[in-house]
Structures are given as C-alpha cells and as structure tokens.
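how would this look folded up:
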Amino acid sequence: MTKNAILVAALLLFSPVAGLAADLSSQSPEPLAATTSPFTWTGFYVGGYAGGSFGTNKLKSLGGSTSVSLSPDGFTGGGLVGFNYQVGSVVFGGEGEFGYDGWKEGKDYLNARGGTRHAESEGSYIGRVRDRVGYAIDNLLLYTAGGVSFADDKVTQTNNFVGVSNSITRDLVGWNVGAGAEYAFTPNWIGRLEYIYDGFGKKTYDFQSLPGSFANRRVSFDQSTVRVALSYKF
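Coordinates of the predicted model:
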C-alpha cells in the first residue's frame, strides 16, 4: 500500500469521530435547576405586638346603688416569645406574652339616697400563656389559640360633693381564645394579624370596709383585642 493510500484511509476513518467531537463541543451543558427548600415554621421566635383592647366592665351594686356598665378601651402593646413545630401542613405551638393594657372608662351613677357618684375602671397590664394549632400553606399560617390570661382591674368610686374617693385593685385570672394569620416575609421575619377574647369572670370589691360609704361591687370584666405583631424566627 502506498503512502498516499494510507493517508486517505486514515482521513476516512477519523473524519466521523472528528465530526462527532465537534458536535459535542458545540453543545453547551444545560444549567442545573435551582433548588429551594420549602419554608418551615418549626423553631423559636421572639417579637412584639401593638393594637387596641375593647372591654365590657359591669359593676353590680351589692348595697342598693345603681349598677354601672362600662365599655373601656385603650392601647395595648408588649412582647411575646414562642415555639412552633410543623408536622406536614399542621403547626403546633406554645406562646407566652406580657405587656401594657391601658383600657379605661368612667361614668356617673346614683347611690341609694339619690346622690350623684362616679365609678371608674381601668387596667394596666395583660399576660397570656397560650397553645396554638394552625394550618400552613408554605409561608402563610392560619391558626387558632387559647389559654390562660392574667390582668388587673382598678375600680374607683368617687363622691365629688365631699371630695372622697376610694380605689381597689384586683389581680384577675381568666381564659382566652383567638384566631389569626401569620405571613413569613423572609425565612426569619414574620408578620401577624390576630383577634383575642379574654374572659375574667366576677370579683367582689369590698368598698364598705373603706371610709366613704360606697356600696360594695361585684365586678365582671371581659375584653376583645385586635392587634398586629412582628416576630423573628431563629
């Protein structure tokens, strides 16, 4: 076989391989699809809240005076801490909070002898310990909650004619129930909108043990709270 024949055979043999290599080199690899982990609600969080509280405060007279019904309202705000644990789409959690609860209202009434008196009720703090259960749709959580509430109620009765005023403050323990929605704007920052109802039952305020001739009162108190919150999840 001549030298030229060998060269021609080699060209015929390697030309398909060279073409295939050229085709492969011209094809750029497809980019890998970006993978993102789904949002999880599991973890501890701390935050703060602010909103308004709207109560119903009934001061029933136990000595012949007019009973008084009040509708106190005011600003509420404070801090909270909690933990969530997610199983599938269901989220379980617990939360504790403490803050300022500044509802207040007063009203004039008549005593047993027809004299004008003034009754006032106001609060200063609120604390709650709650269990939560909710349904997660990625970074949106819809939930209900309930537990124990702690607050105070200061009742004041005043005789403006003689300038006498008496106040009694009682610490209250009650229950709460509520519902809300949370939205995770980032993996750590979570916003919230919620409603809470607190019921504290009835307490007796012994004003007759104090100077001033005011009637004893059996006081019942409950309140509704609408608020927003912002928390940081660790």
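
Going along the chain from the helix-or-strand element of the chain with minimal mean pLDDT, find the next helix or strand for me.
Least confident helix or strand of the chain, by mean pLDDT, DSSP states H and E, is helix 3-26 with a mean of 42. Going down the chain from helix 3-26, the next helix or strand is strand 43-61, by DSSP states H and E.

For the chain, which segments count as strands?
43-61, 68-70, 73-87, 90-101, 104-110, 116-122, 125-137, 140-159, 164-184, 189-205, 217-233 (DSSP state E).

Which one of those strands lies nearest to P211?
strand 164-184 (7.1 Å; CB to CB). Backbone N, C-alpha and C define where each C-beta goes, glycine included.

same for the closest one, what does it pack against?
strand 125-137, strand 140-159, strand 189-205, strand 217-233 (3 or more CB pairs under 8 Å, 6 or more residues apart in numbering; DSSP states H and E).

That strand to strand 125-137, inter-axis angle?
Strand 164-184 and strand 125-137 are oriented at 20 degrees to each other (axes from the mean of the first three to the mean of the last three CA atoms, to 10 degrees).

What angle do strand 43-61 and strand 164-184 make with each other?
Using the same axes, to 10 degrees: strand 164-184 against strand 43-61 is 150 degrees.

Mind checking the pLDDT average for strand 164-184?
What strand 164-184 shows for mean pLDDT is 97.

that older thread, of all the helices and strands packed on strand 164-184, which one is nearest K107?
Here strand 140-159 is closest among these (CB to CB), at 11.1 Å.

How far away from the center of its chain is that closest one?
Put simply, strand 140-159 sits 13 Å off its chain's centre (CA atoms, centre = their mean, to the nearest Å).

cool, and stretch 45-64?
Distance, centroid of stretch 45-64 to centroid of chain: 16 Å (CA atoms, centre = their mean).

Send me it as CSV with only the CA atoms.
Output of stretch 45-64 as CSV, limited to C-alpha atoms (Å, rounded to 0.1, in the frame of the first residue of the first chain):
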residue,chain,number,x,y,z
TYR,A,45,-39.3,33.1,67.9
VAL,A,46,-39.5,36.4,69.8
GLY,A,47,-41.4,39.5,68.9
GLY,A,48,-43.6,42.5,69.8
TYR,A,49,-47.2,43.5,69.3
ALA,A,50,-49.4,46.6,69.3
GLY,A,51,-53.1,47.1,69.0
GLY,A,52,-56.4,48.1,70.7
SER,A,53,-58.4,46.5,73.5
PHE,A,54,-62.2,46.9,73.9
GLY,A,55,-63.8,45.7,77.1
THR,A,56,-67.1,45.3,78.9
ASN,A,57,-67.0,46.0,82.6
LYS,A,58,-70.1,45.6,84.7
LEU,A,59,-70.1,47.0,88.3
LYS,A,60,-73.1,45.4,90.0
SER,A,61,-74.1,47.2,93.2
LEU,A,62,-74.4,45.0,96.4
GLY,A,63,-75.8,47.8,98.5
GLY,A,64,-78.7,49.5,96.7
